[in-house]
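Participant: here is a sequence together with a model predicted from it:
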Amino acid sequence: MKTPALALSAFVALVGTVGLHAQAPERSMILERVIVRVNGEILTQSQLAQRQTDAIRERTPDAQNIPDAQVAKLLFEVTPDALVDSVDEMLISQRGKELGAKFTDELFKDALTKVKETNKLDDESLQKALAQEGITLQQLRQNFEKAYLISQVQQQEIFRHMNITEEEQRQYYAAHKDEFVTPETVTLRELVVSVPMLAGQQTARPEDT
């Protein structure tokens, strides 16, 4: 059996849920399982499943024709990195909030506008696209907010401390000279000069020269 792209997220979530609920009592009902808690912020099963799905799609371009057994294998491979990356992002985004960064409604509106313009979507088609990916508008906002907070931390605590010396620039240039060299080219142009003729002057013919 092969898993269509649109059902990949559901399949990943199902595989993870079955494995985690194997020892659960028969009468219990878990609506959303908490996988990790970092300083009060949680990573849920569905959030992890989305990250696992994205990782699988990156590894396998032809996501529409992945056999179920292959999905389970890929799931086992990508889960450790997915968990580590999730925790790292949570810590960095929390740091962004500590620095005073705030993802406002206006920023979200601008981000949505850019997404619609880039993908040529209206409000209705955007909703359909989100439904196909298995995420809500609120989840999309959370993704935007996390990316924004991470970028703010990078700008304030990483990029501003990156000072490249002239010696480092010279060393980089010496090691990458080919990237800075423009191949030699020759451009030919025909120049036509118009010379006004004097009265009584005749044009010289080739055979007269």
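Facilitator: Received, thanks. Numbering: from 1, shown residues only.
Participant: biggest helix in the chain by residues?
Facilitator: helix 68-98 (DSSP state H).
Participant: what segments of this protein are helices?
Facilitator: 5-20, 45-59, 68-98, 105-119, 123-133, 137-157, 166-175.
Participant: quick one: closest of those helices to residue 32.
Facilitator: helix 45-59 (6.3 Å; C-beta to C-beta). Any C-beta I mention is one placed from the backbone N, CA and C, and that applies to glycine too.
Participant: rewinding a little: next, the angle from the longest helix of the chain to helix 45-59.
Facilitator: If you take axes from the mean of the first three to the mean of the last three C-alpha atoms, to 10 degrees, helix 68-98 sits at 110 degrees to helix 45-59.
Participant: how about residue 126, nearest residue that isn't a chain neighbour?
Facilitator: residue 116 (5.9 Å; C-beta to C-beta, 6 or more residues apart in numbering).
Participant: how near is that neighbour to residue 94?
Facilitator: Using C-beta to C-beta, to the nearest Å, we find residue 116 at a distance of 30 Å from residue 94.
Participant: also residue 71?
Facilitator: In terms of C-beta to C-beta, residue 71 sits 32 Å off from residue 94.
Participant: who has more neighbours, those two?
Facilitator: residue 71 (21 against 15; other C-beta atoms under 10 Å).
Participant: tell me how far that one lies from residue 86.
Facilitator: Residue 71 sits at a distance of 20 Å from residue 86 (criterion: C-beta to C-beta).
Participant: what of residue 148?
Facilitator: 17 Å.
Participant: again with residue 124
Facilitator: In terms of C-beta to C-beta, residue 124 sits 32 Å off from residue 86.
Participant: more neighbours, the two?
Facilitator: Looking at residue 124 and residue 86 with other C-beta under 10 Å, you find the greater number of neighbours at residue 86, namely 18 against 8.
Participant: quick one, what contacts the more buried one?
Facilitator: Contact analysis of residue 86 by C-beta atoms under 8 Å, 6 or more residues apart in numbering lists 36, 43, 47, 48, 51.
Participant: again, only using 7 Å
Facilitator: 36, 43, 48, 51 (C-beta atoms under 7 Å, 6 or more residues apart in numbering).
Participant: burial count for the second one?
Facilitator: Neighbourhood size, residue 43 [other C-beta under 10 Å]: 20.
Participant: same check, this time on the first one
Facilitator: The local packing of residue 36 (other C-beta under 10 Å) involves 14 other residues.
Participant: could you do residue 48 as well?
Facilitator: Around residue 48 there are 20 residues (other C-beta under 10 Å).
Participant: cool, and residue 33?
Facilitator: For residue 33, using other C-beta under 10 Å, the count is 16.
Participant: again with residue 77
Facilitator: Residue 77 - counted by other C-beta under 10 Å - has 13 other residues nearby.
Participant: got a list of what it touches?
Facilitator: Per C-beta under 7 Å, 6+ apart, neighbours of residue 77: none.
Participant: ditto for residue 156
Facilitator: Residue 156 touches residue 99, counting by C-beta under 7 Å, 6+ apart.
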